[in-house]
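K.L.:
Kindly return the folded structure for what I paste below:
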Amino acid sequence: MEHTKSQLDTNGLNMGYVWMICLVAACGGLLFGYDWVVIGGAKPFYEAYFSITDPAQSGWAMSSALVGCVLGAAISGWSSDRFGRKKPLILAAILFTISAWGTAVASNFDLFVVYRIIGGIGIGLASALSPMYIAEISPADKRGKFVAINQLTIVIGVLAAQLVNLMIADPVASNATQADILATWNGQSGWRWMFGAELVPALAFLVLMFFVPESPRWLAKDGQYEKASRMLGKIGGDAYAKQTLADIRQTLVGETHKVSLAELSKPSVRPILIIGIVLAVFQQWCGINVIFNYAQEIFASAGFDINSTLKSIVATGLINLLFTLIALPMVDKIGRRKLMLIGSAGLTIIYGMMAAAYATGVLGLPVLLLVLAAIAIYALTLAPVTWVLLSEIFPNRVRGLAMSAGTLALWIACFVLTYTFPLLNAGLGAAGSFLLYGLICFAGLIFIYRKVPETKGVTLEALEAQLAQGKVKLTPTKASASA
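P.N.:
Presented below is the predicted three-dimensional model:
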């Protein structure tokens, strides 16, 4: 296998090819981010159009996509083990396209919810499969950075949705009623364009996915060793392909193609699965997604009107993007475990300060600054690192199913978080709610310190062998080893 010098890094890897594949797969993350956040900015306008005044109905509109997320995550393991990683990602792209079109043209609230759920299924599939696919393609010493790119595209999708919402929405009077909003362009058509804009990246993702290869690890698991070897050869040449394929086959010795749920309860898998599920739940219950989903309410309680809120939401997106970019090289340099500890400790402190700000009535700019600080810490640590860990800690044979279980837990946790915040906010107030999230972050800090291993620079196959033996301190491998 020959490549030009400009394509190869010092280890003989064709990094241009790896970048191309990973960026296409990470488009699933971009659509995940856009679809997830666009509803926040559109909320005042579609609620006016559909005459939504009941808090329960409002909450259902916001959280309905999560039903699809849970379903998508639930089928991601079965579909990725049965059909590979590529085909389910193509299905996710189709679902994003249908959802973007359907929510934009929905004539009634029930249809709007149906299309949101369809988009949620796409999110559930992409959130599990994009990072897993990238992890299986990437060389070991660069795996953290490449999987973190998926988080970067999620953040870009979030910011894109926030900017689109800001550019589309006309200014709204601070004292505007729902009837006033309904009479405006925002209430009649603007919110439709916010959802419909997703068609552009959704169609691009759909087309590009036909040009990327199947995961070599799934091909080997399916017995397609020649195709797996060719794919690995394109990444690093014949020697790299031979060594990596040998490592993969070693982890599959004596295994059959069919994987059952019972295998997740095996002594060699169960402790790893528990770590993955706890990390997935913690990433949601640390509370940051409350800020994205209920930004309007949070900033309103801090004294911002609807126009200032839209601008403040964009500020959160910019901070999110900036610190995610900073995080990319840090995942492999500093390591997963240290970043997770820094993130959980940082959020514990910031939430305590936010609780104090609300309790003492110090609102406005101080609350905005604390919100931005919380997002910066999250974007630098828990957001990218959780997906990296989930994509790499599970054994080759059950990776699809285990990743599905972890992602399913994540979306169930997200649903609980999203559904309970209005109740917590009503019962405990903003101060009590953020104090509770601070306590959760402290509990997460203790768990990570005691249970989560450092995995940077360790091949997936070596990682599997060492975790199966209960080893928490792992030995990094050479960059030339397999991913």
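
K.L.:
can we go C-alpha only for contacts and neighbour counts from here?
P.N.:
Will do.

K.L.:
Am I right that Ser268 falls within a helix?
P.N.:
No - counting by DSSP: H, G, I helix; E, B strand; the rest coil, Ser268 is located in no helix; its state is coil.

K.L.:
what about it, how many neighbours?
P.N.:
Ser268 is flanked by 17 other residues according to other Cα atoms under 10 Å.

K.L.:
Check which helices and strands the longest helix seen in the chain sits against.
P.N.:
Longest helix of the chain, by residue count under DSSP state H: helix 399-451. Contact here means 3 or more Cα pairs under 8 Å, 6 or more residues apart in numbering; DSSP states H and E; on that basis helix 399-451 packs against helix 55-83, helix 109-137, helix 270-285, helix 288-293, helix 336-360, helix 382-392.

K.L.:
and those helices as TSV, adding distance to Arg399?
P.N.:
Formatted as TSV, the helices and strands packed on helix 399-451 follow (distance: least, Cα to Cα, whole Å):
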stretch	distance to Arg399
helix 55-83	8
helix 109-137	8
helix 270-285	10
helix 288-293	26
helix 336-360	19
helix 382-392	8
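
K.L.:
Which one of these lies nearest to Leu401?
P.N.:
helix 55-83 (4.0 Å; Cα to Cα).

K.L.:
on that earlier part again, any idea of the angle the longest helix of the chain forms with helix 109-137?
P.N.:
Relative orientation of helix 399-451 and helix 109-137, computed by axes from the mean of the first three to the mean of the last three Cα atoms, to 10 degrees: 80 degrees.

K.L.:
Just want the angle from helix 399-451 to helix 55-83.
P.N.:
Going by the same axes, to 10 degrees, helix 399-451 makes 110 degrees with helix 55-83.

K.L.:
and the angle from helix 399-451 to helix 382-392?
P.N.:
Using the same axes, to 10 degrees: helix 399-451 against helix 382-392 is 120 degrees.

K.L.:
what's the angle from helix 399-451 to helix 270-285?
P.N.:
80 degrees.

K.L.:
that older thread, least reliable of the helices and strands packed on helix 399-451 going by mean pLDDT?
P.N.:
Set side by side, these give their lowest mean pLDDT on helix 288-293, at a mean of 72.

K.L.:
Mind putting the helices and strands packed on helix 399-451 into JSON lines with mean neighbour count and distance to Ala443?
P.N.:
Output for the helices and strands packed on helix 399-451, formatted as JSON lines (neighbours: other Cα atoms under 10 Å; distance: least, Cα to Cα, whole Å):
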{"stretch": "helix 55-83", "mean neighbour count": "21", "distance to Ala443": "25"}
{"stretch": "helix 109-137", "mean neighbour count": "27", "distance to Ala443": "25"}
{"stretch": "helix 270-285", "mean neighbour count": "22", "distance to Ala443": "9"}
{"stretch": "helix 288-293", "mean neighbour count": "19", "distance to Ala443": "16"}
{"stretch": "helix 336-360", "mean neighbour count": "21", "distance to Ala443": "9"}
{"stretch": "helix 382-392", "mean neighbour count": "27", "distance to Ala443": "14"}
